[in-house]
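Enquirer: I would like to see how this sequence folds:
(4 chains)
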2 protein chains.
Amino acid sequence: MPNRMQLDKIDLRILAVLQQDSSVTNQELADQVGLSPSPCLRRVKALEESGLIRGSVTLLNQNMLGLRLTAFIQISMDRHTPDRFEVFEREVMALPQVKSCSLVTGQSADYLLEVVVEDMDHYQELLLGKLTRIEGVTGVHSSFLLRRIVDRTSLPLEHLI
Amino acid sequence: MPNRMQLDKIDLRILAVLQQDSSVTNQELADQVGLSPSPCLRRVKALEESGLIRGSVTLLNQNMLGLRLTAFIQISMDRHTPDRFEVFEREVMALPQVKSCSLVTGQSADYLLEVVVEDMDHYQELLLGKLTRIEGVTGVHSSFLLRRIVDRTSLPLEHLI
DNA sequence: ATTTTTTAGCTATTATATGCCAACTTAAGT
DNA sequence: ACTTAAGTTGGCATATAATAGCTAAAAAAT
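Expert: Below is the predicted model:
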């Protein structure tokens, strides 16, 4: 359903700016992309309308919220049946500590999760109290984040033109 | 350096709303958290000032941009020396396809990357043309995303109060 | 209980968004 | 080459929202 639409250089510049900072005023944005405010706003609205712009969110400082531990968890399931997946996914979606959960290819694991918690105690509680209790979960392997090198919400646009 | 500040229930509600949608007007936000516009705006500004609010960004539709393939790459290095890391990290930061890159604990890998590309051809080009050519990279293991179950930019706030 | 400090809410002002219309550009058709 | 039509821009007027200053109320401290 979501197919590619025609985007010119100005659209791409608009998207590039907004991906970095959605709080720019329409006037500033218009300046930066070389348009006057009204056509600029029209384009932004059209991009929203089309679904290409999904929305805008505020990003918070993880450390200042006391969330000092980020973990990557690989989880494998006993059987690859729809009901196993359904149960697991429903449980995982309900956990606010889960930043992402993906079904992935690969021999060693079915799901890859990124979770965010206060400390090891809370991690243990999440892992042993919640995740490993979900039926079908057989294997779990954790890695912990030591340092972030890249953490982007923006998508590349270089391939378009 | 960034330490926890005092947040009351209203602050948390403000953060919860903005994490989901930063495009709400201050008036709507004030309504939702049960304040009048001016104290609400004051609080938002204070949260920005403190650094707890990092900023706002616009999220785009990955599929509609023709970015159909998401891969998770585990990379191991030959030696764990500062200069090895420096070179690797500098190269990786320059690649717009890299959504995240983290130095992680664990036996099998040093770095975990999430990358976004158009298709397998472009993935191959990125992996063989760029990543494996960085000096010090010895092992690479790729998994591909089949389906996203959770993809959040929001952090949990439940642990505060 | 009184003082001090903090926080809310109102109002006036400024800035910004938004809709409308005319002018311009582009592309296609004759 | 000229004309027509479609689409896009820029400017202006209006509506909406953000912002600062001030007063009142609430909360905290003594």
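Enquirer: which element, helix or strand, includes A:His141?
Expert: Element membership for A:His141 (DSSP states H and E) is strand A:137-151.
Enquirer: what is that strand packed up against?
Expert: Applying 3 or more C-beta pairs under 8 Å, 6 or more residues apart in numbering or on different chains; DSSP states H and E, one finds that strand A:137-151 contacts strand A:69-77, helix A:120-129, helix B:82-93, strand B:98-104, strand B:111-117. Using the backbone N, CA and C atoms, a C-beta is placed for each residue, glycine as well.
Enquirer: how far is the second one from where the chain is centred?
Expert: A distance of 22 Å separates the centroid of the chain from that of helix A:120-129, by C-alpha atoms, centre = their mean, to the nearest Å.
Enquirer: same question, the longest one
Expert: Once both centres are worked out by C-alpha atoms, centre = their mean, helix B:82-93 turns out to sit 19 Å from its chain's centre.
Enquirer: for it, packing partners?
Expert: Looks like helix B:82-93 contacts strand A:137-151, strand B:69-77, strand B:98-104, strand B:111-117 (3+ C-beta pairs under 8 Å, 6+ apart).
Enquirer: at 7 Å instead, please
Expert: Judged by 3 or more C-beta pairs under 7 Å, 6 or more residues apart in numbering or on different chains; DSSP states H and E, the packing partners of helix B:82-93 are strand A:137-151.
Enquirer: and the strand it packs on, what's buried?
Expert: For strand A:137-151, burial by neighbour count (16 or more other C-beta atoms under 10 Å in any protein chain shown) applies to A:Val137, A:Val140, A:Ser142, A:Ser143, A:Leu145, A:Ile149, A:Val150.
Enquirer: redo the helices and strands packed on strand A:137-151 as a markdown table? Include mean pLDDT and distance to A:Glu91.
Expert: Output for the helices and strands packed on strand A:137-151, formatted as a markdown table (pLDDT from 0 to 100; distance: least, C-beta to C-beta, whole Å):
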| stretch | mean pLDDT | distance to A:Glu91 |
| --- | --- | --- |
| strand A:69-77 | 97 | 11 |
| helix A:120-129 | 98 | 12 |
| helix B:82-93 | 96 | 34 |
| strand B:98-104 | 98 | 24 |
| strand B:111-117 | 98 | 23 |
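Enquirer: ok so, going back, can you give me the angle the strand holding A:His141 makes with helix A:82-93?
Expert: For strand A:137-151 against helix A:82-93, the angle by axes from the mean of the first three to the mean of the last three C-alpha atoms, to 10 degrees is 50 degrees.
Enquirer: nearest the middle, which residue of chain A would you pick?
Expert: Chain A has A:Ser100 as the residue nearest its centroid, 6.3 Å off, counting by C-alpha atoms, centre = their mean.
Enquirer: if you average pLDDT over the lengthiest helix in chain A, what comes out?
Expert: Taking DSSP state H as the criterion, chain A has its longest helix at helix A:37-50. Helix A:37-50 comes out with an average pLDDT of 95.
Enquirer: which element follows that helix toward the C-terminus?
Expert: Helix A:37-50 is succeeded, C-terminally, by strand A:53-60 (DSSP H and E).
Enquirer: number of nearby residues for the nearest residue to A:Lys130 once chain neighbours are set aside?
Expert: Residue nearest to A:Lys130 in three dimensions, not counting chain neighbours: A:Leu95, with 6.4 Å by C-beta to C-beta, 6 or more residues apart in numbering or on different chains. Neighbour count of A:Leu95, defined by other C-beta atoms under 10 Å in any protein chain shown: 15.
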